[in-house]
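1. test case, fold it:
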Amino acid sequence: MKFRYLIFTFLMFAVSQLNGQEIALKANYLEKIKAEMLVEWPKNRTINLVYHGHSVALRIRSLF
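-> Purely as a prediction, here's the structure:
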């Protein structure tokens, strides 16, 4: 049973790597959200940004 679980886990990891995520470029990182934040009232809306990880403060400073 443990062997099946190990194989299943490996296959799921391999499949997720095939779809892989690209690293965001600084030139266009969150470009759509930045443009949305420039919209003036009354056409604007609430935008919630959720960050996860150990370098949150560094990332926030480098956005703008």
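
2. so for the lengthiest helix in the chain, what's the average pLDDT?
-> In terms of residue count, the longest helix belonging to the chain (DSSP state H) is helix 2-19. If you average the pLDDT over helix 2-19, you get 77.

3. any idea how far residue 1 is from residue 11?
-> Residue 1 sits 16 Å away from residue 11, going by Cβ to Cβ, to the nearest Å. The way it works is simple: take the backbone N, C-alpha and C, and place the C-beta from them, glycine included.

4. more crowded one of these two?
-> The neighbour comparison of residue 1 against residue 11 (other Cβ atoms under 10 Å) goes to residue 11, with 10 against 5.

5. do you know how far the more buried one is from residue 4?
-> Residue 11 sits 11 Å away from residue 4, going by Cβ to Cβ.

6. cool, and residue 14?
-> 16 Å.

7. same check on residue 46?
-> Counting by Cβ to Cβ - residue 46 and residue 4 are separated by 46 Å.

8. between the two, which has more neighbouring residues?
-> Shown here are residue 46 and residue 4; by other Cβ under 10 Å, residue 4 has more neighbours (8 against 4).

9. can you check the pLDDT for residue 36?
-> Residue 36 carries a pLDDT value of 91.
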